[in-house]
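Engineer: fold the following for me, if possible:
(chains A, B and C)
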Amino acid sequence: MRRLLALSVALLALALAVAGCGGGDDDSGGTATGGTPSGTVRVIMEEVPDTDIVKSLLPEFQKEFPDVDVQVEALPYDQMRDRIVSSFLASDPTYDMIVVDNPWMYDFAKGDFLLPLDDRITAAQDFDHEDFAQPLRDIAEVDGATYGVPFYNYALGLIYRKDLYAQAGLTPPTTLAELKAAAAKLNTGGRAGIAMQPQKGYKIFEEWGNYLFGAGGAIQDADNAVVLDSPEARTALQEYIDIYKASAPKNSLNWAFDESLRAVAGDKAAQMISYNWMLPTLNKADGPAGKLAGKFALAEVPGGKSILGSWSWAIPKNSASPDAAWAFIAWVTSKQHEKERVIAGGAPVRASAMSDPEVWEQGFGEDYYTTVASILEDAAPLADGPNAEEMINVVGEDLNAAVAGQESVDDAISSAASGAQETLDK
Amino acid sequence: MSRPLRALFLVIAVVAVAFPFAWVVLISFKSRVDLNDPSSLSFTPTSANWSEVLHGGVLEAALRSVEVGLATVSVSLVAGTLGAYAISRFKAGGGPARFGILLAQLMPPAVLVVPLFILFFNWNLRDTIWAVIAAHLTFVLPVVTWFMIGFFDAVPRELEEQAMIDGYGRFGAFRRVVLPQVLPGLGAAAIFGFVLSWNDLFYALILAGGNAETLPVAISSYNTFRGVELGAMSAAILVSVVPVLIASFFVQKRLVRGISGGGLKY
Amino acid sequence: MLRRIPIGYRFLTPLAVVFAAVFAYPFVYSLWLSLTNYTITRRNETRFVGIDQYTGLLDNDTYRQALVNTFVFVLLAVSLELLLGLALALCLQRQRWARNVTRAFLLAPMFVTPIAVGLMFRFLLNQQIGVIPEILGTFGLEIDFFGPDLALFSMVAIDVWQWTPFMVLLLLAGLESLPKQPFEAARVDGASRWLTFRSVTLPLLKPVIVVAVLLRALDAFKVFEYVFAITRGGPGTATETIQYQVYRTGIGFFRLGEAAAMAFVLVAVVLTIVVVLFRRLMREAT
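Structural biologist: Got it, this is the predicted structure:
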């Protein structure tokens, strides 16, 4: 295979050289520090509102960089990684710039698919890298090198109905016990106390991780060793199962994000643990919640530490125009354009944007941004290290089996912990 | 089975098929808010989903899928029918030929797609419908061949012998006598081969996106990280089903007439 | 020169050429992959590991569970589809009123791409917002379609909905291409309908049935989309199937070598079954 690839690379290079089209519109341009970069930047992004917002900023970028042509291909999540990896393997890439989901970061960097960006970040003027929330920067750093710049976060928070909480005389729960009590109290005939997402794999782990943190547990320690096999994890799983059985919609063992959102938006559940940026969506007058818009609020998850997801901008090693790609990344993540992006509805990643009164006013209000800022202060991803995607699936399988009653809480936790460690060691 | 029983059975089958489609029609007219409860009957109909789908490249994707399907099926029908006849009548290639082609049908797309990707990349055919057609041949060709083996096996040998006594050559007997006999099978194979190609998501997704997007890829793109866009997806499903349904109606009709018209002598 | 090649091989040539063109390289390549530890993200560490990937599968509980699930799924789905399909084909063959419309309409489920079928049923069968549980509820029934006990059977039901039409299509075509004389003879002999069906229709139709079952089974072994759209293999390992595992291991976890080995084990097992069964059927026939 490697020989074949090498052969294909060689042949391709030869063909290009002969044809005299050895596409030099990238390397003729500027370097990381000076000159005017030029070239075409083909970027793969996810089909989400945050991408649309970036697209809406493109004309402005074009004015400043007339020689750089950014072409966005937006794809659904499930299709993205296949295409990205295919592009990595090709000597003539499909993409010159990509966005990387946090579970992919380590493997992509270690697989030698991404360009380290440290020098470019240091050289960029007024970039203020420290301004990005620390946990987001950590995700983009692998073995001391930085491979990505934060694009947007998807940390989790508790999204609840203000009106129902007020009616029941409740305040947002700060412990798992309070969450359990609140969910039970709000659980009435037609409306579930809480919508959950216990679907096997990524979804259940993403939700349960918050319970784990809430119970004082952790997934990995400072050296990345798995520390899941703990009494805290057992408590967290037991609480999760209890809440599912008592207050979640019936027969919702295969529910994922979609069903929970529909339930909450459709007045069939009182709250959910979900992505923080779902709050503005739910509160939008023409959003999915219809008449309920405005009745939702965001709080930190019980315990205050939440699961963090994040997308980062990155440049593949085989990018045909790395300098032009970096020009765009530096531009779009700069303080000024971060602010524009966040005001337009993008999920924030910079502290400066989240504490900017102008953003509060033109965006979704001070409460929302300060809550997001405090969520991002203390948040951790599901997995850090090699084979993250698989490790998440391994844990998510045991968790789901425990909720389904196929495994005891005790067995599920020890099997998840040993499975996770084995996967990281592979 | 008596006649009323047969009618009842057919009615139940029609209802079982129609019910999910009725639901799909219903939700294709629902707004985002009404889709929080997809099954409720009280809602204000909207045409937003339909205009989104009709202006969103689904029609182009459908056209591309038709091209891919027709090309795949045409090649498969010619090569598969001749091959099937050889295997069924002359035991050509023996067991290895008969079962060897099944290997392709059995291989998971997730495995085969990687070498195919590299191959098409090297041939500069990535992101073209040619790549998809070639990939679809790996599973449509075996299916069509096996389909036809079954039908040729069912044709009595005497028929050909009779034809050859009547002065036909080998190929003439095949074309004028045997082939009309298996016409319904040929039609069924064409329809099913087309369906397999029409439905494939996996190969099309990895070998050709963007400019060469096929219909399943377009439809699956309504399944997003932020939930399923049920309304638009439903409209797209209907857009994809109705034309094929009409086409299969005519294919079937012709074929039924074909057998009662010709081939009666044998 | 062409004349010297046996007639059978002349007919076989186009098939062999096309097949080799599209399939030979990927097949050999993946066979080779299965003997290495090839991982996309660790290409530099790729080496030949012989049958290690295969022996490794012996200790893989999830893989074994997936094998069992896949076989149960195929067995149930295909038997149900055959029974329903045969019954429907017989009814349709004798139908007079609105026959072409009914036939075309009954094929409709096949024309929906399976991922969309999966998503449709994910919502149709949802306890809180699905219409089917709502209807069942009015009869006082509550079924946990995607719970640990029934999830696999729900997948079977979805498959039956989508693919029984395939059986109908094939068996109906088979029925209509049967020779007329044996039936006339049976009628002259005054055989009952059931007897005619058993002693004339079924034996004549057997080759078509064999092919229908075989093709449907091979396709059913590749069940992936419903699992992907609805349960992701859960609850626990209840709906874990080989295809889904191969996809996750190869494309999801990047371990193409292991994924290829998983695929080849299934291919070997199924092909053995097919050849043995087929040989036996052939022997019975002669």
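
Engineer: and the strands in the chain?
Structural biologist: Since you didn't name a chain, this refers to chain A. Ranges of strands within chain A are A:39-46, A:68-75, A:97-101, A:141-142, A:145-146, A:149-153, A:156-161, A:271-275, A:296-299, A:306-307, A:310-314, A:379-380, based on DSSP state E.

Engineer: look at chain B instead
Structural biologist: So, for chain B - with DSSP E - the strands run B:223-224, B:227-228.

Engineer: Throw these into a markdown table and include distance to residue A:74 and mean neighbour count, thanks.
Structural biologist: The way it works is simple: take the backbone N, C-alpha and C, and place the C-beta from them, glycine included. A markdown table is the format used below for the strands of chain B (distance: least, CB to CB, whole Å; neighbours: other CB atoms under 10 Å in any protein chain shown):
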| stretch | distance to residue A:74 | mean neighbour count |
| --- | --- | --- |
| strand B:223-224 | 10 | 21 |
| strand B:227-228 | 16 | 20 |
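
Engineer: out of these, flag the one nearest residue B:181.
Structural biologist: With distances scored as CB to CB, the stretch of those nearest to residue B:181 is strand B:223-224 (44.3 Å).

Engineer: name the strands paired with the closest one and say parallel or antiparallel.
Structural biologist: If you go by DSSP bridges, strand B:223-224 pairs up with strand B:227-228 (antiparallel).

Engineer: now check stretch B:185-202, is it near chain C?
Structural biologist: Yes. Contact between stretch B:185-202 and chain C, assessed by CB under 8 Å from any CB of the partner chain, occurs at B:185, B:187, B:188, B:191, B:192, B:195, B:196, B:198, B:199, B:200, B:201, B:202.

Engineer: list the buried residues of stretch C:15-26.
Structural biologist: By neighbour count with 16 or more other CB atoms under 10 Å in any protein chain shown, stretch C:15-26 contains the buried residues C:15, C:16, C:18, C:19, C:22, C:23, C:26.

Engineer: end-to-end on that stretch?
Structural biologist: End-to-end distance of stretch C:15-26 (CA to CA, to the nearest Å): 17 Å.

Engineer: okay, now the unreliable bits of chain B?
Structural biologist: Low-confidence segments of chain B (pLDDT under 70): B:1, B:209-210, B:254-266.

Engineer: just give me the neighbour total for the closest residue to chain A within it.
Structural biologist: Here chain B gets closest to chain A at one residue, residue B:36, 2.9 Å apart by CB to the nearest CB. The tally of other residues near residue B:36 (other CB atoms under 10 Å in any protein chain shown) stands at 22.

Engineer: now do the contacts for whatever residue of the stretch 101-250 of chain C ends up closest to chain B.
Structural biologist: The minimum distance from the stretch 101-250 of chain C to chain B, using CB to the nearest CB, falls at residue C:211 (3.1 Å). By CB atoms under 8 Å, 6 or more residues apart in numbering or on different chains, the contact list for residue C:211 reads B:146, B:147, B:149, B:150, C:170.

Engineer: ok, the spatially closest residue to residue A:327 that is not a sequence neighbour - contacts?
Structural biologist: Distances taken as CB to CB, 6 or more residues apart in numbering or on different chains put residue A:37 closest to residue A:327, at 4.3 Å, once the chain neighbours are dropped. Residue A:37 makes contact with A:29, A:30, A:65, A:67, A:68, A:321, A:323, A:324, A:326, A:327, according to CB under 8 Å, 6+ apart.

Engineer: now do the first one, the pLDDT please.
Structural biologist: So the one you mean is residue A:29. Listed pLDDT for residue A:29 reads 35.

Engineer: and for the fifth one?
Structural biologist: We have a pLDDT of 95 for residue A:68.

Engineer: ok, now how distant is it from residue A:127?
Structural biologist: 18 Å (CB to CB, to the nearest Å).

Engineer: which one of the two has more residues nearby?
Structural biologist: Taking neighbours as other CB under 10 Å, residue A:68 and residue A:127 compare with residue A:68 leading, 23 against 17.

Engineer: which one is the more buried one nearest to, not counting chain neighbours?
Structural biologist: That would be residue A:324: by CB to CB, 6+ apart, it lies 4.5 Å from residue A:68.

Engineer: which regions of the stretch 1-150 of chain C lie under the pLDDT threshold?
Structural biologist: Low-confidence segments of the stretch 1-150 of chain C, defined by pLDDT under 70, are located at C:1-3.

Engineer: switch the cut-off to 80
Structural biologist: Where the stretch 1-150 of chain C drops to pLDDT under 80, the residues are C:1-5, C:7, C:40-44, C:96, C:99.

Engineer: can you map out the helices along it?
Structural biologist: Taking DSSP state H, counting those that start in this stretch to define them, one finds helices in the stretch 1-150 of chain C at C:7-19, C:25-33, C:52-58, C:61-94, C:99-106, C:114-124, C:131-138.

Engineer: repeat that for the stretch 101-250 of chain A.
Structural biologist: Using DSSP H, counting those that start in this stretch, helices in the stretch 101-250 of chain A cover A:102-110, A:118-123, A:134-139, A:162-167, A:176-186, A:202-214, A:231-247.
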